[in-house]
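> Sequence plus the predicted model coming up.
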Amino acid sequence: MKTLYALYKTWGWIQLKQFETECYFKLVKMSYLTESLKIEILMMIGYGDRARTQCEVVRLFRETHPDLPSLNQGTISKIEAQYREMGHVRKVPSKRQAVVDDDTKLNLFLALEENPITPARQLARDSSLNHKTVLTILKYEKKRSYKMQAVQELLEDDPDR
């Protein structure tokens, strides 16, 4: 049972199929739910006085789409919550960090050592990376591109010279 629960957590849901004496589990990801199917599910849910329960929507979806794997109530609940929160059911892109290989990082650090006053935006343009990605890499490695500032020069008779 623990294995089944782990598979459920990993893949989203499990469909049980039965053939004569043996039964097996078929792992199915929820990628088959296109935007149009999600909109159809929302229309099945209805609005106001004609709102259906999630059990009724599951049953209706099974009847209208027998070729597709059946849904569970959690999926319908997530689709409805996403629509109420965002106003659409399109797939939302995740905000993952950009994956930068070691060669690109090395080239970035070499360019910075070669000319330490190069701005981060120029480093980003030269290495064809995003500006924020370059700043994140520099911050993580505790390196900085320095900005030269014109200050008052020391004179001949200054004691610090």
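Done, it's in. Residues are numbered from 1 along each chain as shown.
> Could you pull up the residues touching the spatially closest residue to residue 126 that is not a sequence neighbour?
Using Cβ to Cβ, 6 or more residues apart in numbering and skipping the chain neighbours, the partner closest in space to residue 126 is residue 111 (6.3 Å). Heads up, the C-betas are built off the backbone N, CA and C, glycines and all. By Cβ atoms under 8 Å, 6 or more residues apart in numbering, residue 111 lies in contact with 118, 123, 126, 127.
> host element of residue 111?
Using DSSP states H and E, residue 111 sits within helix 102-114.
> What sits closest to residue 116 if chain neighbours are left out?
residue 146 (5.2 Å).
> Three-state assignment for the one you found, please.
coil (DSSP: H, G, I helix; E, B strand; the rest coil).
> distance of it from residue 125?
18 Å (Cβ to Cβ, to the nearest Å).
> can you count the residues close to residue 37?
16 (other Cβ atoms under 10 Å).
> same check, this time on residue 68
Residues lying near residue 68 (other Cβ under 10 Å) number 13.
> Which pLDDT value belongs to the most centrally placed residue in the chain?
Against the mean C-alpha coordinate of the chain, by Cα atoms, centre = their mean, the closest residue is residue 94 at 1.8 Å. Residue 94 carries a pLDDT score of 71 in this model.
> who touches it in this structure?
Residue 94 makes no contacts at all, as judged by Cβ under 8 Å, 6+ apart.
> Need the three-state assignment for it.
Secondary structure for residue 94, judged by three-state DSSP, is coil.
> Alpha carbons of the helix holding residue 111, as CSV, please.
The C-alpha trace of helix 102-114 is given here as CSV (Å, rounded to 0.1, in the frame of the first residue of the first chain):
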residue,chain,number,x,y,z
ASP,A,102,30.1,25.4,-15.6
ASP,A,103,31.7,26.6,-18.8
THR,A,104,29.4,29.6,-19.0
LYS,A,105,30.2,30.4,-15.4
LEU,A,106,33.9,30.1,-16.0
ASN,A,107,33.7,32.4,-19.0
LEU,A,108,31.7,34.9,-16.9
PHE,A,109,34.3,34.9,-14.1
LEU,A,110,37.2,35.1,-16.6
ALA,A,111,35.6,38.1,-18.3
LEU,A,112,35.1,39.7,-14.8
GLU,A,113,38.8,39.1,-13.8
GLU,A,114,40.0,40.4,-17.1
